[in-house]
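**Student:** got a predicted structure here, sequence first:
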Protein chains: 2
Amino acid sequence: MTQASSSPALAQTDQRLPLHARVKDDLIRRVRANEWGSTTPLPPESALAEAYAISVGTLRRVLAELAADGILERHQGRGTYVRRATFQHSLFRFFRMQGGTGQTPGSRILERNTQNAPAHVAAALNVKEHSAVLHLHRLRLWQDTPFLIENIWLPLPQFQPIAEISLDELGSLLYPEYEKRIGLIIGSATEELSVTQATDGQAVLLNCISGDPLVKINRTARTHTGDVAEYRESHGLASSFRYQVEIN
Amino acid sequence: MTQASSSPALAQTDQRLPLHARVKDDLIRRVRANEWGSTTPLPPESALAEAYAISVGTLRRVLAELAADGILERHQGRGTYVRRATFQHSLFRFFRMQGGTGQTPGSRILERNTQNAPAHVAAALNVKEHSAVLHLHRLRLWQDTPFLIENIWLPLPQFQPIAEISLDELGSLLYPEYEKRIGLIIGSATEELSVTQATDGQAVLLNCISGDPLVKINRTARTHTGDVAEYRESHGLASSFRYQVEIN
DNA sequence: TAGGTCTAGTCCTATAAAGGTTTAATGGTT
DNA sequence: AACCATTAAACCTTTATAGGACTAGACCTA
């Protein structure tokens, strides 16, 4: 059952892999390339199967896996869509600020500049040391009270559009902005938590006393395919901190 | 394609669900009932399908889902097995103590008694307030240095065997003990992290100064089917704390 | 306008079948 | 003992087919 030649759509995939894996890889690539917005359905099963020159059964298996992986959403009778959104929520399970109404916190950009990546940032972003990166320094507020200091690094030139838009447009949520400006979708992230003490500068921003315990959150955010897209270091008041995790 | 009557094995499952869902539910029940140890393979596809009176294709779909859920492990040519172990690892990603060798920390039981569940414990364990629970008070050590205080509550009479075994046997890892003594397998857990200050008692145990920042971890552990099996409150020195999370 | 019915489009359930790959065990050969 | 070929058992891949269920929109009716 080895196919001598296969659909041109699979030309760039690893020929040693079984068909379903190759189709999956290609679909992930196309999702990542933003071929379908979150409101445009993918082609129906029948059309996709025909395009890949595989049977509907095999294609259904791939789509089911992608749905299980959280990349696609399928709705009987309506169609198959790229999945977005839920992620933003899961990232904001911390800091007991979402009491009651699901409001998003405010934010104020303190600084935006272009830097040569320091060693630890370069390592996290998986780029060469001293290569150009965009740096955002941001303060997050809850009901006008600052609770979190963020330092965000983004690789250039990929994120150049973010360097050029007005600061007002860098509203509270960055990930939708990445998607709109660059067509880049954050698919997963790793966070590392530790506890530190407030420096003088942090104490001023957070309106606390120097030496107070802070929670430090290092986040590495990736696309669906695992490429690192953003590195972020956040510091927040430990006293107002709460973080919830599911383990499987 | 509505089946008038189905395999007796599915008698206790919800008849409104599709076949594959009913078979999945039943297999989860049987895994939970410890029908197969982690070294005994499940019956082969062909035999299982025949026993449930369904086609091999449908059964394969169920087994694939269970494997994706991390409940089963399948090996071509060898068989299908209940999955264990990996979980213990994922639970111990915190506290930067596993440097190099993957040693498990030591532990010392400070106290074991039967209590009437306090309100917050009863709520977490999903039992009536003041009902009998087993309480373990444990100190965890890394190279003879205490780094974590644990308070563990288990519902009775389910966990009665744990109340009766010798304290020596409550070695460092509890979950294998649950499996061996009660046949109960922990499948998932929720943890909530926050930062507190050391009380006098905690300071003595952890060899720190009263008021030092501590990390507090509340863990609710569940079986594969979602029933709460254990509630645990841990306190550790914030200075030696590091926690890593994957978000999807 | 409001509320039904119908229908095309889409995904879902279930079965069947042919052939392939991997593993473990067996028994022979060197 | 070490190596190899064979074989049975187990899971994997792919295709094909028949029918069911759900959704959105078109159309009709009151």
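**Tutor:** Great, that's in hand. Residues are numbered from 1 along each chain as shown, chains lettered A, B, ... in the order given.

**Student:** isn't A:Val133 up against A:Gln160?
**Tutor:** No: A:Val133 lies out of contact with A:Gln160 (Cβ atoms under 8 Å); the separation is 11.2 Å. C-beta coordinates here come from the backbone N, C-alpha and C atoms, glycine included.

**Student:** next up, the contacts around A:Ser234.
**Tutor:** A:148-151, A:216-219 (Cβ atoms under 8 Å, 6 or more residues apart in numbering or on different chains).

**Student:** mind listing the helices for chain A?
**Tutor:** Ranges of helices in chain A, per DSSP state H, are A:19-32, A:45-52, A:56-68, A:86-91, A:119-125, A:160-164, A:175-182, A:200-206.

**Student:** okay, the shortest one in CSV with CA atoms only?
**Tutor:** Translated: helix A:160-164. This file holds the C-alpha atoms of helix A:160-164, laid out as CSV (Å, rounded to 0.1, in the frame of the first residue of the first chain):
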residue,chain,number,x,y,z
GLN,A,160,8.3,45.0,13.1
PRO,A,161,4.7,45.9,12.6
ILE,A,162,4.3,45.9,16.4
ALA,A,163,7.1,48.4,16.6
GLU,A,164,5.4,50.8,14.4
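
**Student:** which residues of chain A lie near DNA strand C?
**Tutor:** A:1-2, A:41-42, A:44-46, A:57, A:60, A:63-64, A:74-80 (Cβ under 7 Å from any atom of the strand).

**Student:** what bridges to A:His235?
**Tutor:** A:Ile149, A:Lys216 (DSSP bridges).

**Student:** ditto for the one 10 residues further on
**Tutor:** With DSSP bridges applied, A:Val245 shows beta-bridge pairing to B:Glu191.

**Student:** check the burial of it by counting its neighbours.
**Tutor:** Counted with other Cβ atoms under 10 Å in any protein chain shown, the neighbours of A:Val245 add up to 22.

**Student:** can you tell me which residues contact it?
**Tutor:** Applying Cβ under 8 Å, 6+ apart, the residues contacting A:Val245 are B:190-193, B:245.

**Student:** so who does the residue in chain A that DNA strand D sits nearest to touch?
**Tutor:** Per Cβ to the nearest atom of the strand, A:Gly77 is where chain A lies closest to DNA strand D, at 2.3 Å. If a contact means Cβ under 8 Å, 6+ apart, then A:Gly77 has no contacts.

**Student:** just read off the phi/psi values of it.
**Tutor:** phi 90, psi -20 (degrees, to the nearest 10).

**Student:** between the contacts of A:Ser234, which has the most around it?
**Tutor:** A:Leu148 (25 neighbours).

**Student:** was I right to think it contacts A:Gly236?
**Tutor:** Yes: the pair A:Leu148 / A:Gly236 is scored as a contact, 4.3 Å apart, by Cβ under 8 Å.

**Student:** list only buried entries from the contacts of A:Val245.
**Tutor:** Among the contacts of A:Val245, those classed as buried by 16 or more other Cβ atoms under 10 Å in any protein chain shown are B:191-193, B:245.

**Student:** confidence score at the nearest residue to A:Arg138 once chain neighbours are set aside?
**Tutor:** Excluding its sequence neighbours, the residue lying closest to A:Arg138 (Cβ to Cβ, 6 or more residues apart in numbering or on different chains) is A:Glu150, at 4.4 Å. pLDDT for A:Glu150: 93.
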